[in-house]
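In: Sequence and predicted structure below; questions after.
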Amino acid sequence: MDISVLGGLAVRENGVSITPTAPKPRQLLALLALHADQVVYVSSLTEELWGATPPRSARATLQTYVLQLREMITGALAHDGPDAPPRTAKDVLVTVPGGYLLSTSGGSSDVREFERLAGLGHRAMDAGDLSGAARQLREALALWNGAALADVQAGARLSMETRRLEETRLCALDQRIEADLRLGRHRELLGELSVLVSLHHTHETLHGQFMLALHRSGRRTEALEVYQHLRRALVSELGLEPSVGLRRLQRSILMTTPELAQEAPAFATHGGDGVARVG
């Protein structure tokens, strides 16, 4: 089974799509696919589909959706090779005590591959292997084709999972850009960072990286303008001033100090909820 969630939802068995179009079965499959090869309990599935107040028919309706998925799986299993061991849909979408498990039988999952590559990139960064870190993190980020599960109606569980995935994506992106900055690729980053700060207009790490890239490219005035734009956004939207690290960076640019030619510093970043955190 091949699973893609980093963008639209796509689940294939033997190359045949088993992704339903109806919203609720699609939502059910999305949660199972995110936790492929793990048990997802009925309570979690019920909460995802109906929230905190499920109808009395929730258990029976959930079983109906499972049957619909298994019908699609049965059609895909007809394409098993002649030498393949016999399987049924219940071997793929498995009933276990208290829940269900979607078995990939060793197939691919883009989110698992992203987490593997991103982990390699973070470890390379910690080891000082900047080229390796940039390469691994770039490969990890290339697996994304849009927002995770962009075409799936999300309940509480999927919303939580997609927020977590977006946070891990931004963390990988931050580190990849930091690695590129340390490798002296500041001019190559300008276009990408210009887009990113417009998309994440209160993300301090990205703004700090953009300021560094502009300053190192001889565009000091524009770097200071980026700081002012960010400060206005933080004050008006979150009631916060820029972090100490970013203010220090602004002063360094104003004084054109030589340490800017060295490795990029880390910045404390304010999340969309107004909580300061390290980027």
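Out: Cool, got the structure.
In: Now the closest residue to residue 201 other than its chain neighbours, what are its backbone angles?
Out: In this structure, residue 201 finds its nearest non-sequential neighbour in residue 233, 4.9 Å apart by Cβ to Cβ, 6 or more residues apart in numbering. Every C-beta, even on glycine, is put in place using the N, C-alpha and C of the backbone. Main-chain dihedrals, residue 233, degrees, to the nearest 10: phi -70, psi -40.
In: wait, what's in contact with residue 18?
Out: Residue 18 is in contact with 11-12, 29, 69, 72-73, 75-76, counting by Cβ atoms under 8 Å, 6 or more residues apart in numbering.
In: Taking those residues, please make a PyMOL selection of just the buried ones.
Out: In PyMOL syntax, the buried subset of the contacts of residue 18 is picked out as below (16 or more other Cβ atoms under 10 Å):
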select buried, resi 11+12+29+69+72+73+76
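In: will you turn the contacts of residue 18 into JSON lines that also has pLDDT, secondary structure and distance to residue 110?
Out: Formatted as JSON lines, the contacts of residue 18 follow (pLDDT from 0 to 100; DSSP: H, G, I helix; E, B strand; the rest coil; distance: Cβ to Cβ, whole Å):
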{"residue": "11", "pLDDT": "97", "secondary structure": "strand", "distance to residue 110": "11"}
{"residue": "12", "pLDDT": "96", "secondary structure": "strand", "distance to residue 110": "12"}
{"residue": "29", "pLDDT": "97", "secondary structure": "helix", "distance to residue 110": "15"}
{"residue": "69", "pLDDT": "97", "secondary structure": "helix", "distance to residue 110": "20"}
{"residue": "72", "pLDDT": "96", "secondary structure": "helix", "distance to residue 110": "20"}
{"residue": "73", "pLDDT": "97", "secondary structure": "helix", "distance to residue 110": "20"}
{"residue": "75", "pLDDT": "95", "secondary structure": "helix", "distance to residue 110": "23"}
{"residue": "76", "pLDDT": "95", "secondary structure": "helix", "distance to residue 110": "19"}
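In: ok, and for the biggest helix by length in the chain, which residues are buried?
Out: In terms of residue count, the longest helix belonging to the chain (DSSP state H) is helix 156-182. Across helix 156-182, burial judged by 16+ other Cβ under 10 Å covers 157-158, 161-162, 165, 168-170, 172-182.
In: circling back: what about the residue nearest to residue 201, how many neighbours?
Out: Residue 233 has 18 neighbouring residues, counting by other Cβ atoms under 10 Å.
In: what ranges do the strands span in this protein?
Out: 2-4, 10-13, 16-17, 39-41, 93-96, 99-102, 268-270, 276-278 (DSSP state E).
In: The ones you listed: which one's closest to residue 124?
Out: Checking those against residue 124 by Cβ to Cβ gives strand 276-278 as the closest, at 19.4 Å.
In: For that closest one, what does the pLDDT average out to?
Out: The average of the pLDDT scores along strand 276-278 is 32.
In: List the residues that contact the residue nearest to residue 31 when sequence neighbours are not counted.
Out: In this structure, residue 31 finds its nearest non-sequential neighbour in residue 48, 5.3 Å apart by Cβ to Cβ, 6+ apart. Residues in contact with residue 48 (Cβ under 8 Å, 6+ apart) are 27-28, 31, 155-158.
In: Let me see the contact set for residue 105.
Out: 1, 92 are the contacts of residue 105 under Cβ under 8 Å, 6+ apart.
In: no wait, residue 213
Out: So residue 213 contacts 181, 186-187, 189-190, 193 (Cβ under 8 Å, 6+ apart).
In: Just put those residues in CSV and tack on pLDDT and distance to residue 147.
Out: Output for the contacts of residue 213, formatted as CSV (pLDDT from 0 to 100; distance: Cβ to Cβ, whole Å):
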residue, pLDDT, distance to residue 147
181, 95, 26
186, 93, 28
187, 94, 29
189, 96, 23
190, 96, 25
193, 96, 20
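In: What is the nearest of these to residue 63?
Out: residue 193 (49.7 Å).
In: Not counting its neighbours along the chain, what's nearest the closest one?
Out: That would be residue 210: by Cβ to Cβ, 6+ apart, it lies 4.1 Å from residue 193.
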